[in-house]
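S.K.: Sharing a sequence plus its predicted fold:
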Protein chains: 4
Amino acid sequence: MMDIGSDLPQATVDRIRDSFARQGLMSLLGAELGQIKAGLVTIRLPFRQELTQQHGYFHAGGTASIADSAGGYAGFTLFPENTSVLTVEFKLNLVNPAQGDWLEAEGRVIKPGRTLTICQLDVWGVTPERRTHVATGLQTLIRVQDKSA
Amino acid sequence: MMDIGSDLPQATVDRIRDSFARQGLMSLLGAELGQIKAGLVTIRLPFRQELTQQHGYFHAGGTASIADSAGGYAGFTLFPENTSVLTVEFKLNLVNPAQGDWLEAEGRVIKPGRTLTICQLDVWGVTPERRTHVATGLQTLIRVQDKSA
Amino acid sequence: MMDIGSDLPQATVDRIRDSFARQGLMSLLGAELGQIKAGLVTIRLPFRQELTQQHGYFHAGGTASIADSAGGYAGFTLFPENTSVLTVEFKLNLVNPAQGDWLEAEGRVIKPGRTLTICQLDVWGVTPERRTHVATGLQTLIRVQDKSA
Amino acid sequence: MMDIGSDLPQATVDRIRDSFARQGLMSLLGAELGQIKAGLVTIRLPFRQELTQQHGYFHAGGTASIADSAGGYAGFTLFPENTSVLTVEFKLNLVNPAQGDWLEAEGRVIKPGRTLTICQLDVWGVTPERRTHVATGLQTLIRVQDKSA
């Protein structure tokens, strides 16, 4: 297996960018891809009023959305062509109020596999001065063979 | 404790509606409150392209967003005035592709408590002909005293 | 798929009993198989001092042990011959102190599948007078082909 | 807050040892306390036939038992006197077959709190030659005031 965090061939990076661009939800939320490394992907979500819960913080659904995508793509970087990734399940602990100029979600593969891949999910609330851990979680992904191809 | 699913005083229903209206994310997604009963709240999310993942289904982040809010409000119906609800953690299993004319999320209190409340979360993909279970989960909520008031 | 809770062929019941008898931990704990139905298995764990945590209740590890086995066998009832079951992950919420004359764990398949099967896990503390819900959870199982055979 | 992994006053170490000695299940399983540091506790479980599942590996219930206790005590090291710790919920991903001469579980506080404390749980299967990651998880603990005292 490739070292987690190592550089990827451009074709793999492009495959992630193409897939991300097809996720209507990421665009609706205003989320942006950050790092795309082997088994490690980050996604940023800039704050705006439309992303809040009732107290004005980021809604946990936004936190979960970028965490799930970051983990899914982290796994996907390790998959062969003509395969897809689906989330089987994930669990998130919300450890601090989700506030900041933006959220940054990191998905990191902790156990790659032929069928199942397990990722750690972490989300931080970021301002120019400070980086606060707002969520941590675990995610199980399944690799599926593309029907077409 | 009130029976789960029983009717609520209008003031409680209004409190839920007010809080929901302040959740910017629900409005951005296009989600709508359905049932508001004691310990049981449903939220609907009509399909549109802006809510998809890369295969054209609802993104798991949308599923998670309405499931989290439905559970949070289900717990909140049982809380006294001058308290708020926060999600401690949740876990979702995505059991079928999230497709349909709309998603319906149900949050149901399975263990109310003075500090912690546990909810079951279920989401269905609905068409006029069929209702498919797309996700099931568990959520831990904490009741916090409002600082103001 | 068979109806959950329906009767099973004797050969399937025997396969579950044989496998359970090979689980050294169930015997060490003193756990006993209860119901063995299609997609639904129960296991009982009579109280004794050796199963406690520091306050004298059943340790969550005992609760988890019988919940995990009950779910695993619930899934296994639906698997073809020459396959095995492994737990991918599980999550348990401990909703009341685990006390009683015995614990009863129920594993119930909520989504059977060719590769992955999802179960609901519930555990009750039981006395002659009362049945208290002590834990609820979700479990993901994977079906694997036996190497031998 | 104390640095995670730093040394503890002897009185705190003794409090953990006393509590562990009262956990009947740890003694039944043959589990032993390892490190006791601020927010970080390890527990070892030597292999024996009585701890197995049907394929001869450690049963996930044993893995879960020592992981739950390690996390609970990791949190407990940070609690004031006259308080107790209860597990609210935990989730474990079983990432490799649980085999080895012994299992080692580590509980590590990742978010201490006045009411709730969140721990990361990891378990390795260990032989003289090798250390294999067999499980990773998250745990939510609650601090409760002792009734007596």
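M.R.: Received, thanks.

S.K.: then the lengthiest helix in chain A to CSV, C-alphas only?
M.R.: The residue-count maximum for a helix in chain A (DSSP state H) belongs to helix A:60-76. The C-alpha trace of helix A:60-76 is given here as CSV (Å, rounded to 0.1, in the frame of the first residue of the first chain):
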residue,chain,number,x,y,z
ALA,A,60,-23.8,19.2,12.4
GLY,A,61,-25.2,18.2,9.1
GLY,A,62,-22.6,20.4,7.3
THR,A,63,-19.9,19.0,9.5
ALA,A,64,-21.1,15.5,8.7
SER,A,65,-21.4,16.3,4.9
ILE,A,66,-17.8,17.4,4.5
ALA,A,67,-16.4,14.7,6.9
ASP,A,68,-18.2,12.0,4.9
SER,A,69,-17.0,13.2,1.6
ALA,A,70,-13.4,13.7,2.9
GLY,A,71,-13.4,10.1,4.2
GLY,A,72,-15.0,8.7,1.0
TYR,A,73,-12.4,10.4,-1.2
ALA,A,74,-9.5,9.4,1.1
GLY,A,75,-10.6,5.8,0.5
PHE,A,76,-11.2,6.4,-3.2
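
S.K.: How far does the following helix or strand past it sit from its chain's centre?
M.R.: Sequence order places strand A:83-94 as the next helix or strand after helix A:60-76, per DSSP states H and E. Relative to the mean C-alpha coordinate of its chain, strand A:83-94 is positioned 9 Å out (CA atoms, centre = their mean, to the nearest Å).

S.K.: Return the set of buried residues in strand A:83-94.
M.R.: A:84, A:85, A:86, A:87, A:88, A:89, A:90, A:91, A:92, A:93, A:94 (16 or more other CB atoms under 10 Å in any protein chain shown). For the C-beta atoms, the positions are set from N, CA and C on the backbone; glycine is no exception.

S.K.: quick one: the top strand by length along chain A to strand B:83-94, angle?
M.R.: With secondary structure taken from DSSP state E, chain A has its longest strand at strand A:131-145. Strand A:131-145 and strand B:83-94 are oriented at 20 degrees to each other (axes from the mean of the first three to the mean of the last three CA atoms, to 10 degrees).

S.K.: For strand A:131-145, which strands pair with it and how are they oriented?
M.R.: Partners of strand A:131-145 in the sheet, by DSSP bridges, are strand A:83-94 (antiparallel), strand A:116-126 (antiparallel).

S.K.: Need those strands in TSV (columns: distance to residue A:144 and mean pLDDT).
M.R.: Listed next are the strands paired with strand A:131-145 as TSV, based on distance: least, CB to CB, whole Å; pLDDT from 0 to 100:
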stretch	distance to residue A:144	mean pLDDT
strand A:83-94	5	97
strand A:116-126	11	98
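
S.K.: quick one: residue A:70 and residue A:121 touch, right?
M.R.: Yes: with contact defined as CB atoms under 8 Å, residue A:70 and residue A:121 form a contacting pair (6.8 Å).

S.K.: Which residues of chain A lie near chain D?
M.R.: Within chain A, the residues that sit near chain D (CB under 8 Å from any CB of the partner chain) are A:91, A:93, A:95-96, A:110-111, A:118, A:120, A:133, A:136-138, A:140.

S.K.: Max pairwise distance over these: which two?
M.R.: Put simply, by CB to CB the two of the residues of chain A next to chain D set farthest apart are A:96 and A:111, 26.6 Å from each other.

S.K.: Hmm, residue A:105 is touching residue A:67, no?
M.R.: Yes: using CB under 8 Å, residue A:105 makes contact with residue A:67 at a distance of 4.5 Å.

S.K.: contacting residues around the closest residue to residue A:144 other than its chain neighbours?
M.R.: Nearest residue to residue A:144, sequence neighbours excluded (CB to CB, 6 or more residues apart in numbering or on different chains): residue A:84, at 5.1 Å. Residues near residue A:84 by CB atoms under 8 Å, 6 or more residues apart in numbering or on different chains: A:76, A:143, A:144, A:145, A:146, B:54, B:55.

S.K.: What of residue A:29?
M.R.: Each residue near residue A:29 by CB under 8 Å, 6+ apart is listed here: A:45, A:51, A:62, A:65, A:66, B:28, B:61.

S.K.: ok, which pair from those is furthest apart?
M.R.: A:66 and B:28 (14.2 Å).

S.K.: which bits of chain A sit near chain B?
M.R.: Contact residues, chain A versus chain B (CB under 8 Å from any CB): A:19-20, A:22-29, A:48-55, A:59-62, A:64-66, A:68-69, A:84, A:86-94.
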